[in-house]
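Engineer: Fold the following for me, if possible:
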Amino acid sequence: MLLTHQLRRRFRNSPTTGFTLIESLIVVLIIAILAAIGIPSWLNWLNNTRLTAGQNEVYNALLKAKTTATHQKITYQASFRELGDVAQWAVHPASVTPTDQHWQNLNAFVTLDPSKTTLYQYSTNGVWRMQFNYRGNSNGRLGRVTVRLRNSNSNKQRCVFVSTLLGAMRKTEKCG
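Structural biologist: Take a look at the predicted model:
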């Protein structure tokens with residue numbers, strides 16, 4: 001009993017510890033303000049990263065078609081399509097129609113922009129294509145592939161241009 005009495009006296013005389021309600025609310029308010037400032041910037045960075053990744057995939061597919069054409073000394077083609085909600089690419093000889101095993105999915109966050117993609121498009125199946133001959137030169141029509149964010153009202157986009165008959169390619173944010 002003496003021990004409990006001493007403990008009660010000790011806690012009664014000690015200052016209260018912890019934070020007051022106002023102090024806790026101020027901390028929560030500061031965290032909310034920092035989040036309101038930081039989250040949009042982080043989302044913008046994330047969307048830019050996703051677009052750039054999609055653009056790099058398109059560029060690498062075109063580059064693979066070009067280098068394979070020069071190595072194998074035949075006309076090769078990079079094909080692009082939208083199948084359902086998935087943008088896909090395939091690299092194959094121009095004389096061969098790509099089968100399901102040739103197609104690779106693009107980054108899931110991007111889609112091909114049909115209004116700004118200017119490669120040759122087959123009227124029968126809607127596949128866009130870019131061909132390179134045995135020298136790595138573009139075989140026919142020049143153009144661009146434009147990717148944009150899927151399920152977003154953002155007007156951000158990235159393009160890959162095949163801009164010369166020699167097959168020169170470039171990546172850009174300005175697609176207009």
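
Engineer: Every contact and neighbour count from this point should use C-alpha atoms.
Structural biologist: OK.

Engineer: so what's Ile31 up against?
Structural biologist: With contact set as CA atoms under 8 Å, 6 or more residues apart in numbering, Ile31 has no partners.

Engineer: The helix or strand containing it: how far from the chain's middle?
Structural biologist: Assigned by DSSP states H and E, Ile31 falls within helix 21-72. Relative to its chain's centre, helix 21-72 lies at 8 Å (CA atoms, centre = their mean, to the nearest Å).

Engineer: With stretch 114-133 instead?
Structural biologist: The answer for stretch 114-133 is 21 Å, by CA atoms, centre = their mean.

Engineer: Contacts for it next, please.
Structural biologist: 62, 65-66, 69-70, 73-82, 94, 138-146, 167, 175.

Engineer: Now it: buried residues?
Structural biologist: 114, 116-121, 127-133 (16 or more other CA atoms under 10 Å).

Engineer: Make a markdown table out of the residues you listed and add distance to Trp89.
Structural biologist: Listed next are the buried residues of stretch 114-133 as a markdown table, based on distance: CA to CA, whole Å:
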| residue | distance to Trp89 |
| --- | --- |
| Pro114 | 14 |
| Lys116 | 17 |
| Thr117 | 14 |
| Thr118 | 15 |
| Leu119 | 13 |
| Tyr120 | 14 |
| Gln121 | 14 |
| Val127 | 9 |
| Trp128 | 9 |
| Arg129 | 9 |
| Met130 | 11 |
| Gln131 | 13 |
| Phe132 | 15 |
| Asn133 | 19 |
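
Engineer: Cool, thanks, talk later.
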